[in-house]
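Trainee: 3D, please:
(chains A, B and C)
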Amino acid sequence: MHARMLPYLLILPVTLFLCVFFLYPFVLVSQQAFTTGGGFTLDNFREVIGYWKFPISLSNTLLLAAIVVPVQLALSLLMATMVSRMEKGRDLILYIWTIPLGISDLAAGIIWLAIFEQSGFLNSMLYGVGAIETPINFLSYQNPAIVFLAIALAEIWRATAIMLVILVAGIGLIPKEYYEAAEVFGASPWQRFRRITLPLLRPSLQTALILRVILAFEVFAVVAALGGTLFPVLMGETYAYQFDLLNSGAAAAMALIILALSIASTLVILRVLRIPKGARI
Amino acid sequence: MSAVVADTPRTDAVRSGRVLYVASVVLLCAWVIVPLYFLLVNTLSSPEAVTSFPKSFIPAFNLGSLEFFMNFQGMLAALKNSVLVATLTMILSILIGAPAGYALSRFDFAGKELFRLLVLLTRAFPLPLLALPIAVMFINVGLDDTVFGLALVHTTLAVPFAVLITFSLFSGIPTELEEAAWTLGCTRLTAFTKVVLPLILPGITASAIFAFVISWNEVFAAAVLTIENRTLTAFLLQSLAESPLYLKFAGGFILVVPALIFIFAVRKYLFAMWGIANR
Amino acid sequence: MREVVLDRHEGEVDYQPNENGPWLTRLLAELEAGSGTIGVLGGLHGELAALDPNDLTDLDDLGVGAASGTFNDLSKLGTDHVQYIPWMQASYVMAANKEALEYLPEGADIDALSYDELIAWAANVHEATGQPKFGFPAGPKGLKHRFFQGYLYPSYTDGVVRTFASDEAVTAWEKFRELWEHTNPASTNFSFLQEQLLSEDVWIAFDHTSRLAQAFNERPDDFIAFPAPAGPAGRGFMPVLAGVAIPSTAPEVDAAKALVTYLMEPETQIATLRATNFFPVVDVELPADLPPSVQAAGGAIAKMSAAPDANPGLLPAGLGDAGGDFNRVFVDTFERIVLARQDIRRVLDDQKRRLEAIMNESGASCWAPDAPSDGPCPVE
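Mentor: Here you go, the predicted structure:
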């Protein structure tokens, strides 16, 4: 009896907490999505999906996530394995690599705008080495690819650390003996990575990916700073409905669409990176 | 910054591999630091220099923009509020999050998937929309404009991280280890405190750092839910939106620094994770 | 603000600047909970108009108001009572780097430019420097919609709503497309043109007076301010009005009213001008030692109002919480015509339906320069 109740006892505090501070306001807000004036309706969804910018902001958001998240995954895996080989200076390097953790998306937007704007650091650098005569306008509507690249770079810079820390913690839990045994059998570093690190890291990979994907769908501040009005994303449209158009029903509908996307991708990640029972170390 | 102790034969392949390795470490460090350095340069430049072209890459050590903020009334009080809220958030989210992470990793129970989904959903819904009902609730129960109330909201943001990170950490610790402790006469509780907890502690610190940073950088709820007890982020960013460019940089810089100091201060715990690998 | 404006007030004032989103969320939460901490609310006309007049205390008995009857009418928000007190005003003007002056087209008077001359000027600068140096606040926080509503449309069509899809409107958008050829393409990132004027990414700019102020205050000798250009239907321009209101949940109504009265005193109004670059709404003698930004903007606005072809417009009124939707019609039209380069006629006909729906739903009647209407302002 005691053992059966134990897990519920353990999750009780967080469940209660989230019911009060998340579920309750969430239900209130979601109701607005399904009502306009009176009665149940899907008008809000029809309105936001029918708006001409919706397909653009949807594809922008998905495209950005599809480019940024895999790069971040690869980069954070690389960084985590590099750190694990280090003996000297590991503390310092890891500290430097986790610095962006402490930087808010608003601050990151300011920083990267200072780099890419017309009289910014990138142009100053190019000018300094004589590559250009006059500053180039990187963030203009004529160069959507560069705008996209700038946003992607800023996002990769800002949010890779979050995956890195989770993966570093995960790698730390893999027993060293496995690697030593592999070395005895003459496995190459790449083989060790493929056969030991990746499979045993699955729980951490799963967590890191899910969190990162969910946050990627909510990207906003960095995009607004660098892309201006050129790169609409779902979250920006949601805020526009809520605060510019004062249409909280439509804003709630947008937010529910983002939520549905997040749930769908979470389920996919859970399936692909399933942690087989009994395969746990 | 070189890393590996040389005890292998110095063949060319090994040497070039090492050069490549060190080079990529240096490159990745630069990738993180250089944008921050630009922020520093802009913060320490005079208003004219901030908008000039081409820009200088060496800071001019003009403290005008920073002094502007230092003379702001209420900066210190706001800083204190920020630290208080962030610390409370950190403690709360670990206290209620870690047990749930343990439950997820060790037990199969009905409703487990539903619970995981609930935790994830919390992060998948934008807080600015939830702020209105939360604020109404707080005003009604008297939690409005308190450090504790804001910490509760920030905990909502941080707790999914706490649950998921501790879950993946606990999953990485072999169940056999605990079971061995039981056979040696430990109860479930003592097995946990004597065997699992010491292993997991550094990882828990990592999620505590997340909680701290999430709270530190949160603006919207802070701006809505506090009036007299503003946090530094809400205090700065609300007055920053319409400010001249050089003040934006200085304000951004002021926000970044305390977070960096915090991560630096607790890095020992963060990196102690590596002790585990050497057990 | 705290130091310059509120300093002389006897009561203690806790001034809390906020962005639009948190401002609104906080206020709505206090109203919904029925108990508040906000005593006095400051905001732009459009923001205050979006609130339910029932949530604002009637202020008729205060006995203060603007010198302008139009402003006082606006502040009733369509009711019979004063809902907010007009607090301060501003406008939009042009500003230019003095280096650009030598490229002015021949015979053009900078204080009486036409849109054609402005386009030619921007083209000259573009040709001479190799860079498009006209700046337009089309960024996420930029006030581009006000340019279309208060400047471009009145100047070309002598209206805003009625003439939205007229042939003159097509001409106006064609002209704007021409101007856009010489506009810094990063304008979609610009929200405060003072930054681009100072960095010299832009030489000629249109923006809100308080969003140009820093340029004049930092380098007063390098920039000049001048009136907005004129089109076939005159020199359209539009005021910006900010007001103060007292929410129905204000904790200490008397103290709040005392503060509002204080804000309307002539000395406070001048102090406000120094701090914010928003001009007084009451009749006051302006001192001579005002900051350069105020002098420059004040001069340009005076020339604009006194111009023989002046065609002043009013702020949208009666739209209620549809003000944001109304702005979006213009912003969308801009993005589709100018950025996406869609066919002008087709876009206007398409957006016209949205505009019609908004006007009918809100029931707002026409405002200047549109001819008055009985009932909702028709889109012709």
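Trainee: all helices of the stretch 251-380 of chain C, in order?
Mentor: Applying DSSP state H, counting those that start in this stretch to the stretch 251-380 of chain C gives helices spanning C:253-263, C:266-276, C:292-306, C:323-334, C:344-362.
Trainee: er, the stretch 51-200 of chain C actually
Mentor: Under DSSP H, counting those that start in this stretch, the stretch 51-200 of chain C gives helices at C:69-74, C:115-129, C:144-147, C:153-157, C:167-181, C:193-199.
Trainee: ranking the helices of the stretch 251-380 of chain C by burial, who's on top?
Mentor: With neighbours taken as mean count of other C-beta atoms under 10 Å in any protein chain shown, those reach their highest mean count in helix C:323-334, at a mean of 21. (C-beta placed from N, C-alpha, C; glycine too.)
Trainee: helix C:167-181 and that helix, what's the angle between them?
Mentor: 70 degrees (axes from the mean of the first three to the mean of the last three C-alpha atoms, to 10 degrees).
Trainee: helix C:323-334 vs chain B: in contact?
Mentor: No: with C-beta under 8 Å from any C-beta of the partner chain as the measure, helix C:323-334 is seen stopping short of chain B, the closest distance being 15.7 Å.
Trainee: tell me the angle that helix makes with helix C:344-362.
Mentor: Computed by the same axes, to 10 degrees, the angle between helix C:323-334 and helix C:344-362 is 170 degrees.
Trainee: residues touching helix C:323-334, excluding its own?
Mentor: A:52-53, A:240, A:244-247, C:46, C:49-50, C:138, C:144-145, C:148-149, C:173, C:316, C:319, C:347-348, C:351, C:354-355, C:358 (C-beta atoms under 8 Å, 6 or more residues apart in numbering or on different chains).
Trainee: so which of the helices of the stretch 51-200 of chain C gets nearest chain A?
Mentor: Across the helices of the stretch 51-200 of chain C, chain A has its closest neighbour in helix C:193-199 (4.3 Å, C-beta to the nearest C-beta).
Trainee: could you list the domains of chain B?
Mentor: Structural domains annotated on chain B: B:12-63, B:67-277, as defined by automatic domain parsing.
Trainee: deepest of those, which one?
Mentor: Greatest burial across these, using mean count of other C-beta under 10 Å, falls to domain B:67-277, with a mean of 20.
Trainee: off-centre distance for that domain?
Mentor: 7 Å (C-alpha atoms, centre = their mean, to the nearest Å).
Trainee: also stretch A:155-162?
Mentor: That offset, for stretch A:155-162, works out to 8 Å (C-alpha atoms, centre = their mean).
Trainee: go on, stretch A:182-199?
Mentor: The answer for stretch A:182-199 is 29 Å, by C-alpha atoms, centre = their mean.
Trainee: so what touches it?
Mentor: Under C-beta under 8 Å, 6+ apart, the answer for stretch A:182-199 is A:Thr81, A:Ile171, A:Ile174, A:Tyr178, A:Tyr179, A:Leu205, A:Ala279.
Trainee: which ones among those residues map onto strands?
Mentor: Using DSSP state E, no member of the contacts of stretch A:182-199 sits in strands.
Trainee: can you flag which of those belong to helices?
Mentor: Within the contacts of stretch A:182-199, membership in helices is found for A:Thr81, A:Ile171, A:Tyr178, A:Tyr179, A:Leu205, as judged by DSSP state H.
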